[in-house]
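Visitor: Below are the sequence and a predicted model; questions follow.
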Amino acid sequence: MDLGRAVETYLRHVALERGLSDHTVAAYRRDLAVYTEWLVARGIGDTDAVTPAMVAEFAAERASAEPPPAASSLARLQSSVRGLHRFLVREGRADDDPSGRLRPPKAPRRLPKALSIGQVEQLLDAAGPTPGSEDATAADPSAVRDRALLELLYATGARVSEIVQLDVDDTAHGDVLRVRGKGAKERIVPVGSYARAAVEAYLTRVRPAWAAKGRATPRLFLGVRGAPLSRQSAWLIIQAAAERAGLTAHVSPHTLRHSFATHLLQGGADVRVVQELLGHASVATTQIYTHVSVDALRDVYATAHPRAR
């Protein structure tokens, strides 16, 4: 099949039958234009003439290009090529898939960004007043709620989606919290005194008045009109607190989760305990945080040891 016609047929398929966005289809088109131009430059104008060796050579050349392409861009390019050839085989327009042995590049493992303990304290103070302080008595109700939200996120390491799904009854277990995670799996997470005090202040001073404005809901965190707090609203609360705290690094709900895990490991917690607290199915997922701790140790060593450099 003619290369140009094959690409257009495939792009119509991904746009119409798979319902991909215009942005994604445009990215596929750019990738496949690079691929077909490379083939045409070597005298290949028909998909039946493409061999596994050619696909492998193309992938190798792209991987060694200058400047080096990002791993994500290279992976998308290879995905576009594999998608084209698999489509042609599936539709009976080609007998073999020359891209069958093509393996996507491994994306570099990105270490999670964690705040320092001091930065977390700045963030919490910017969210709202410390429960029991003089400022707390005159604080805006939203600030009381925001402080409770951030304290609970940092105290438990829970995902923001898990926190906004909490019911009031989930907090009625003393110093532990019942969290429902991915796959409806439930786990019990301890909650420190700071977070318990912040949640209690919110439950006592703020939630009853807000709950009376909306429909009855068991959700713990509410908006000012009584509706359950959304994940997006929680994200905006954290962003606003980060700006007030003067934290220039990107801070998201997951940043507090990363900080929770990193600070536990730096404090000597066992990685399997942290795995249980985070609700990770595999300890391998949790072990990425040990790399963060090792990096911190390396930095301290490099600055403190007289013969480290």
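Guide: It's in.
Visitor: How about residues contacting stretch 227-243?
Guide: Contact with stretch 227-243 is made by 123-124, 126-127, 146, 149-150, 153, 160-161, 163-164, 214-215, 217, 219, 221-223, 251-253, 255-256, as judged by C-beta atoms under 8 Å, 6 or more residues apart in numbering. Quick note: C-beta positions are derived from backbone N, CA and C, even for glycine.
Visitor: hey, C-alpha coordinates of stretch 154-164 in PDB?
Guide: C-alpha atoms of stretch 154-164 as PDB (Å, rounded to 0.1, in the frame of the first residue of the first chain):
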ATOM      1  CA  TYR A 154       0.500  15.800  55.200                       C
ATOM      2  CA  ALA A 155      -0.300  13.700  58.300                       C
ATOM      3  CA  THR A 156      -1.600  10.700  56.400                       C
ATOM      4  CA  GLY A 157       0.100  10.800  53.000                       C
ATOM      5  CA  ALA A 158      -3.300  10.100  51.400                       C
ATOM      6  CA  ARG A 159      -4.100  11.000  47.900                       C
ATOM      7  CA  VAL A 160      -6.200  14.100  47.500                       C
ATOM      8  CA  SER A 161      -9.000  12.000  45.900                       C
ATOM      9  CA  GLU A 162      -9.000   9.900  49.000                       C
ATOM     10  CA  ILE A 163      -9.200  12.900  51.400                       C
ATOM     11  CA  VAL A 164     -12.100  14.500  49.600                       C
END
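Visitor: which parts of it are buried?
Guide: Buried residues in stretch 154-164, counted by 16 or more other C-beta atoms under 10 Å: 154-160, 162-164.
Visitor: now swap in stretch 39-55 and tell me
Guide: So for stretch 39-55, counting by 16+ other C-beta under 10 Å, buried means 39, 44, 47, 50, 54-55.
Visitor: for the protein, which spans come out with low pLDDT?
Guide: 106-112, 183, 291-301, 305, 307-309 (pLDDT under 70).
Visitor: What count of nearby residues applies to residue 194?
Guide: 16 (other C-beta atoms under 10 Å).
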